[in-house]
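Structure of the sequence below:
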Amino acid sequence: QRCLDIIFKLQQEDKQFLFAEPVTDKVAPNYLDVVKQPMDLQTMLIKAERDEYKNYAWVRELFELMVLNALTFNRYHTNFWNEAKRFYKACLTNIFSSLGKAAPPSKYEAAILENLENARKARKMEEDRVREDKTVEKKDLVAGSKVVTVDLPGLREKTPDHPSCLPCHVAKLKPKDAYYCGWMECCFTCGSSGASDTMLFCVDCGEAFHSFCVNAPIHSMDAASVASWRCPNCKICEISADAPQDELKMLFCEMCDRGFSLDLLDPPLPAAPPGVWICG
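Got it, this is the predicted structure:
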């Protein structure tokens with residue numbers, strides 16, 4: 001029963017569900033290539049319910065193995081590494097100092113402390129590298145009379161961005177479901193993560209869209225067109241790099257989905273031509 005109580009406390013301390021379930025390659029590619037002894041709270045709970053633990057020192061050993069796996073797989077000072085570090089220290093303070101105080105540190109404690117120390121040294125080395133050298137002359141002082149004054153335009157009073165022209169759906173998820181959905185790309189328009197082979201990513205805003213949700217001709221687009229594709233919210237004229245006030249003055253290629261202002265074409269066009277139009 002004590003083992004079950006400790007595991008339930010560990011689950012409550014896992015605020016981001018980092019250790020809730022077994023890690024799969026779909027969630028973290030190459031995880032099993034790095035971590036040879038995976039462990040998670042769900043597996044620990046199953047073992048406890050089967051009465052596989054002789055005492056709760058075994059629980060602490062698997063707890064430290066689980067933390068070591070997270071610290072090893074994730075880079076120093078990333079969000080998941082920081083969460084693993086917080087979880088480890090919080091559990092030692094709030095759980096293993098009271099409910100499991102008789103459980104001694106396991107063989108994995110030394111590796112955990114070594115990882116934390118290496119992370120501290122890495123951060124200090126990076127801070128030393130970027131620390132400003134007071135003896136270096138500033139570029140403006142070296143340039144002297146060669147410095148040119150530039151007059152910049154005033155700041156806009158209002159943002160030039162227009163409201164979104166795309167419908168979007170709001171889906172409310174439980175914290176656990178939201179955590180795992182955070183790893184997946186979902187279409188901005190329909191909210192689905194399926195049909196990933198038809199996904200396009202806007203080069204400006206980074207949002208994902210199904211090609212069929214935005215009527216983009218993905219099967220006729222080459223690699224450069226896919227890499228530089230812009231969503232309907234971010235569409236601009238590829239000649240002027242600006243978006244005309246009147247959207248009817250924009251013409252879109254049926255093969256690459258790039259936009260062009262009618263006035264800047266050669267020759268200029270008064271209106272969009274009927275039928276299929278393909279840029280040069």
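
Flag every buried residue along stretch 61-78.
Within stretch 61-78, the residues that qualify as buried are 61-71, 73-74, 76, counting by 16 or more other CB atoms under 10 Å. Any C-beta I mention is one placed from the backbone N, CA and C, and that applies to glycine too.

a markdown table for those, including pLDDT?
Converted to a markdown table, these look like this (pLDDT from 0 to 100):
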| residue | pLDDT |
| --- | --- |
| 61 | 89 |
| 62 | 90 |
| 63 | 90 |
| 64 | 92 |
| 65 | 93 |
| 66 | 93 |
| 67 | 93 |
| 68 | 93 |
| 69 | 92 |
| 70 | 92 |
| 71 | 92 |
| 73 | 90 |
| 74 | 89 |
| 76 | 87 |
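
check contacts around residue 218.
Counting by CB atoms under 8 Å, 6 or more residues apart in numbering, residue 218 makes contact with 198, 200, 211, 226.

go on, residue 111?
residue 68.

host element of it?
helix 109-130 (DSSP states H and E).

pLDDT on that helix, on average?
The average pLDDT within helix 109-130 is 87.

Restricted to helices, list the buried residues of stretch 61-78.
61-71, 73 (DSSP state H).

now, among the residues you listed, which is nearest to residue 51?
residue 62 (15.0 Å; CB to CB).

State the distance from the closest one to residue 247.
60 Å (CB to CB, to the nearest Å).

Check residue 190 too.
Residue 190 is 22 Å from residue 247, by CB to CB.

Could I get the full set of helices for the stretch 51-200 of the chain?
Using DSSP state H, counting those that start in this stretch, the helices of the stretch 51-200 of the chain run over 57-73, 79-94, 109-130, 139-143, 175-181.

so which of those gets nearest residue 43?
Closest among these, once you apply CB to CB, is helix 57-73, at 8.1 Å.

so what does that closest one touch, helix or strand wise?
helix 2-13, helix 31-34, helix 41-49, helix 79-94, helix 109-130 (3 or more CB pairs under 8 Å, 6 or more residues apart in numbering; DSSP states H and E).

which outside residues touch the first one?
So the one you mean is helix 2-13. 19-20, 41, 44-45, 48-49, 53, 55-56, 58-59, 63, 87, 90-91, 94-96, 99-100.

Centre of the chain to that helix, how far?
Offset of helix 2-13 from its chain centre (CA atoms, centre = their mean, to the nearest Å): 30 Å.

Okay, buried residues for it please.
For helix 2-13, using 16+ other CB under 10 Å, the buried residues are 3, 6-7, 9-10, 13.

Next: the second one.
Neighbour-count burial for helix 31-34, with 16+ other CB under 10 Å as criterion, is recorded at residue 31.

which of the residues in stretch 112-130 are buried?
112, 115-116, 119.

Adding distance to residue 258, write those out as JSON lines.
JSON lines is the format used below for the buried residues of stretch 112-130 (distance: CB to CB, whole Å):
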{"residue": "112", "distance to residue 258": "52"}
{"residue": "115", "distance to residue 258": "48"}
{"residue": "116", "distance to residue 258": "50"}
{"residue": "119", "distance to residue 258": "45"}
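
Tell me the one of those nearest residue 174?
For the buried residues of stretch 112-130, the nearest to residue 174 is residue 112 (30.7 Å; CB to CB).

Contacts only, for that closest one.
So residue 112 contacts 64, 67-68, 71, 88 (CB under 8 Å, 6+ apart).

make it 10 Å
By CB atoms under 10 Å, 6 or more residues apart in numbering, the residues touching residue 112 are 64-65, 67-68, 70-72, 84-85, 88, 105-106.
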